[in-house]
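A.B. asks: the following comprises the amino acid sequence and a computationally predicted model.
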Amino acid sequence: MSEQVLTQKKSRIYREVSTVLAIFAREVTVALKSPGTLIMSLAMPMIMMGMIGGNLMQNMAGGLGFQFGTFMLVGMLVNMLFMSTTMGVASLVDDHDSNFSEEMLIAPVSRYGIVIGKISGSMFGAVLSMAGTLIVGLMMGITLSLTQLLLILALSPLICLSAGALAMILIGLIQNRKTANLAVMLITMPQMFLSGAIIPINHSSGVLLVLSRMMPMTYCLDLVRAVVYRGTPEYSSVVMFDPVVNFAAIVGLTVICLVIGTFFFARSEKNR
């Protein structure tokens, strides 16, 4: 009996992993067949970092106690991971219209396997956006060491999972593509400014303080900066929380958003 149960568990795990990989492969294929994805991977960093960040570097970087260029580059890398993943997960609305999501939910796999596969696939486009950000940073004379880049890349799955989990709540509540795109911008753009991606938030107070602490990207960004600035004199001026606190906050918020978002998504498909 125990061997039979063990075999069933292995079969279920294999099925879940296969589901995640299949959805991941589909998302990568769709991204590669969409020239707009590659264009946006370069266009968004140029707009966000080149224009907004460039102006801040020239006009507000003095007297900060740290190099603003590196501060901004790290912030934009995390921001692009967050934004691209969120936009990728929002394509679930298109899957809804084409009945693809309904077919997935009929399959004998868990809802979480479907959602994680979708988020993993969206991470591919997010990494492309990160590459575009690095290119723009290089054009502006801002670089990171290979070790720092590898550490950021190692943390990118956690960041993308956090972003995708947050997006799932919206996708579960919204079934219109235009509305979903607008909602995605409403949760990504405020986070770019309130989480400290470009503008330092160490001295925020009142409502701005509360909002920044509610946003998952705040902790993702602070964790990445803790890794990048580790062992440097600028660490205390840039990093707000202990890395353990950041990691715990990310995991906690991600689990909460993932459970709520998956519930709403499955219910919306069931009520069709």
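C.D. replies: Alright, I've got the coordinates. Just so it is clear, the model here is predicted, and its values are computed rather than measured. Numbering: from 1, shown residues only.
A.B. asks: all helices for the stretch 101-250 of the chain, in order.
C.D. replies: For the stretch 101-250 of the chain, the helices defined by DSSP state H, counting those that start in this stretch occupy 111-139, 146-173, 177-194, 206-214, 216-228, 235-238, 243-270.
A.B. asks: buried set for the longest one?
C.D. replies: Taking 16 or more other C-beta atoms under 10 Å as the basis for neighbour counts, the residues of helix 111-139 that come out buried are 113-130, 132-134, 136-137. C-beta coordinates here come from the backbone N, C-alpha and C atoms, glycine included.
A.B. asks: name the helices or strands packed onto it?
C.D. replies: Packed against helix 111-139 by the contact rule (3 or more C-beta pairs under 8 Å, 6 or more residues apart in numbering; DSSP states H and E) you find helix 2-32, helix 35-45, helix 68-89, helix 100-106, helix 146-173, helix 243-270.
A.B. asks: out of the ones you listed, name the one with the poorest average pLDDT.
C.D. replies: Confidence, taken as mean pLDDT, is least for helix 100-106 of the helices and strands packed on helix 111-139 (a mean of 53).
A.B. asks: how about the residue nearest the centre of the chain, what does it touch?
C.D. replies: Closest residue to the average C-alpha location of the chain: residue 82 at 2.7 Å, with C-alpha atoms, centre = their mean. By C-beta atoms under 8 Å, 6 or more residues apart in numbering, the contact set of residue 82 is 126, 159-160, 162-163, 188, 191, 217, 220.
A.B. asks: repeat that for residue 180.
C.D. replies: Taking C-beta under 8 Å, 6+ apart as the test, what residue 180 contacts is 90, 93, 170-171, 174.
A.B. asks: how much space between it and residue 262?
C.D. replies: 16 Å (C-beta to C-beta, to the nearest Å).
A.B. asks: ok, now residue 163?
C.D. replies: Applying C-beta to C-beta to residue 163 and residue 262 gives a distance of 15 Å.
A.B. asks: looking at those two, which one has more neighbours?
C.D. replies: Neighbour totals were compared for residue 163 and residue 262, and residue 163 leads with 33 against 21 (other C-beta atoms under 10 Å).
A.B. asks: look up how far residue 146 lies from that one.
C.D. replies: Counting by C-beta to C-beta, the gap from residue 163 to residue 146 is 25 Å.
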